[in-house]
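In: okay, here's the prediction I keep looking at, along with the sequence it came from:
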Amino acid sequence: MDPLIITCAITGAETTREKQPHLPIAPAEQAQAAEEAVRAGASVIHLHVREDDGKPTQRIERFAEVISAIKARVPEAVIQISTGGAVGESIEKRAKPLGLKPEMASLNLGTMNFGEDVFYNHPRDIVALAAQMHQLGVVPELEIYEAGMLESALRLAKQGIIREPLNFQFVLGVPGGMSGDLRNLMHLVGFLPSGVHWGVAGVGRFQLPLAVHAICLGGHVRVGFEDNIFYRKGEIAKSNAQLVGRIARIACEMDRPVATPIQARKILGIV
Ligand code: KMH
Ligand code: ZN
C-alpha cells in the first residue's frame with residue numbers, strides 16, 4: 001500500500017463560526033490552521049477562502065493572499081484549491097482561482113441536491129474545467145458524491161477528457177448524495193480500475209468510520225471542518241489538526257505510514 005495521504009479541508013464554504021467557533025476564516029487563521037494540520041500529518045490542504053465578513057468567495061486575489069500566507073508558514077504543503085466554491089456560484093467565478101496554477105484543484109463530476117440546495121455541474125462545464133486544468137498543468141482531484149458520478153468520470157477518462165493521473169475523492173454523507181454507509185464505499189471502490197488513487201471524505205459522523213476503512217483498504221483520507229466539525233458525538237473539535245492527528249495515530253497503529261508532502265506529490269502525480 002502507498003503511504004497514507006491525509007488531506008485537510010480546513011474551512012469549506014458552508015461551515016460557519018456559529019457552528020464551529022474555531023473555524024479558520026481570515027488568511028492568517030487559515031495559514032495557522034494549515035501549518036498545524038501539516039505538522040499533525042496532513043500533506044494536502046483542500047482550500048476554500050472567505051471574505052473578511054466570513055462569506056465564501058472565489059476571488060483570485062483572496063486565494064493568492066491565503067496561498068502565500070500558507071506557503072510562508074508551511075511551504076511543503078500541497079495546496080488544492082476548490083473549484084466547487086459555494087452552492088449557487090457561477091462556474092466562471094468558480095474557475096477563476098485556476099489562474100494561479102495551483103498544483104491541484106477539485107473537479108466535481110455531476111449535479112446533485114446538496115442539502116436544501118442544488119449544486120450545479122453541467123456536463124459542458126465539467127469538460128471545460130478538465131480541459132483548463134490540463135492546459136494549466138493543474139492535477140484534478142475528482143470529487144464523487146454518488147455512483148453515477150464515478151461512472152461519468154471513468155467515461156470522461158476513456159474519452160481522454162480527464163487525463164491521468166486519476167485521483168478520486170469519495171465525498172460521502174452529503175444529503176442528496178450517497179450516505180457514508182460503508183456499503184457505499186465498498187461499492188465505489190469495487191468499480192475502480194487498477195492503478196488509480198482514491199480517498200474518502202466522510203461528512204459528519206461518517207468521517208471517522210470511513211477514514212478507518214480507507215486506511216485498511218489502501219485509500220487515502222480527508223478530514224477537516226469543511227466536512228465535520230465534531231471530534232466525537234457532542235464534542236466540537238478544537239482544531240483541524242486535532243482531526244488530522246487522530247487519523248495519523250490510527251494509521252500508525254495500523255502500520256500504514258503517513259505520507260510526507262513529497263511522497264504525496266509522487267503518489268498524486270504532481271510534477
Ligand atoms: N461547497 C460545496 C458545494 C469542492 O470543493 O470542489 C462543493 C465543494 C466541492 O466544496
Ligand atoms: Zn470543498
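Out: Perfect, I can see it now. Ligands and ions are numbered 1, 2, ... in the order given.

In: which single residue in the stretch 151-271 of the chain comes nearest to ligand 1?
Out: Proximity of the stretch 151-271 of the chain to ligand 1 (Cβ to the nearest ligand atom) peaks at E226, 6.4 Å away. Quick note: C-beta positions are derived from backbone N, CA and C, even for glycine.

In: can you give me the strands in the protein?
Out: 6-9, 44-47, 49-50, 56-57, 78-81, 104-108, 112-114, 117-119, 139-144, 167-172, 197-202, 220-223, 230-232, 235-236 (DSSP state E).

In: including distance to L182 and mean pLDDT, could those go into a markdown table?
Out: Shown next, in a markdown table, are those (distance: least, Cβ to Cβ, whole Å; pLDDT from 0 to 100):
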| stretch | distance to L182 | mean pLDDT |
| --- | --- | --- |
| strand 6-9 | 20 | 99 |
| strand 44-47 | 23 | 99 |
| strand 49-50 | 33 | 98 |
| strand 56-57 | 31 | 98 |
| strand 78-81 | 25 | 98 |
| strand 104-108 | 23 | 98 |
| strand 112-114 | 21 | 98 |
| strand 117-119 | 24 | 98 |
| strand 139-144 | 16 | 98 |
| strand 167-172 | 9 | 98 |
| strand 197-202 | 10 | 98 |
| strand 220-223 | 14 | 98 |
| strand 230-232 | 19 | 98 |
| strand 235-236 | 23 | 98 |
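
In: OK, contacts around I270?
Out: When contacts are counted by Cβ atoms under 8 Å, 6 or more residues apart in numbering, I270 touches 78, 103-104, 139, 264.

In: got it, and V200?
Out: 169-172, 185, 210-211, 213-214, 219-222.

In: that one pairs with what?
Out: Beta-bridge pairing for V200 (DSSP bridges): F170, V221.

In: which residues does the residue nearest the centre of the chain bridge with?
Out: Nearest residue to the geometric centre of the chain (Cα atoms, centre = their mean): H46, 4.7 Å. Following DSSP bridges, H46 is listed with bridge partners A9, Q80.

In: up against ligand 1, what does the stretch 101-250 of the chain have?
Out: Residues of the stretch 101-250 of the chain found near ligand 1 (Cβ under 6 Å from any ligand atom) are 106, 108, 114, 119, 143.

In: any chance of these in CSV, with distance to A237 and neighbour count too?
Out: Listed next are these as CSV, based on distance: Cβ to Cβ, whole Å; neighbours: other Cβ atoms under 10 Å:
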residue, distance to A237, neighbour count
S106, 22, 23
N108, 25, 26
F114, 22, 18
F119, 25, 21
E143, 22, 22
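
In: nearest to R205, of these?
Out: R205 lies nearest to F114 out of those, by Cβ to Cβ, at 18.1 Å.

In: and that closest one, what does it touch?
Out: Per Cβ under 8 Å, 6+ apart, neighbours of F114: 87, 174-177.

In: mind telling me which residue of the protein is nearest ligand 1?
Out: G84 (2.4 Å).

In: state the distance from that residue to S239.
Out: 23 Å (Cβ to Cβ, to the nearest Å).

In: tell me which of the two has more neighbours.
Out: G84 (23 against 19; other Cβ atoms under 10 Å).

In: is it true that the more buried one touches T111?
Out: No - between G84 and T111 there is no contact under Cβ atoms under 8 Å: 11.9 Å.

In: let me see the contact set for the closest residue to H134 other than its chain neighbours.
Out: Counting by Cβ to Cβ, 6 or more residues apart in numbering, H134 lies nearest to R163, which is 5.7 Å off, once chain neighbours are set aside. Shown in contact with R163 (Cβ under 8 Å, 6+ apart): 130, 134, 157.

In: adding pLDDT, write those out as CSV.
Out: Below are those laid out as CSV (pLDDT from 0 to 100):
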residue, pLDDT
A130, 98
H134, 97
A157, 98
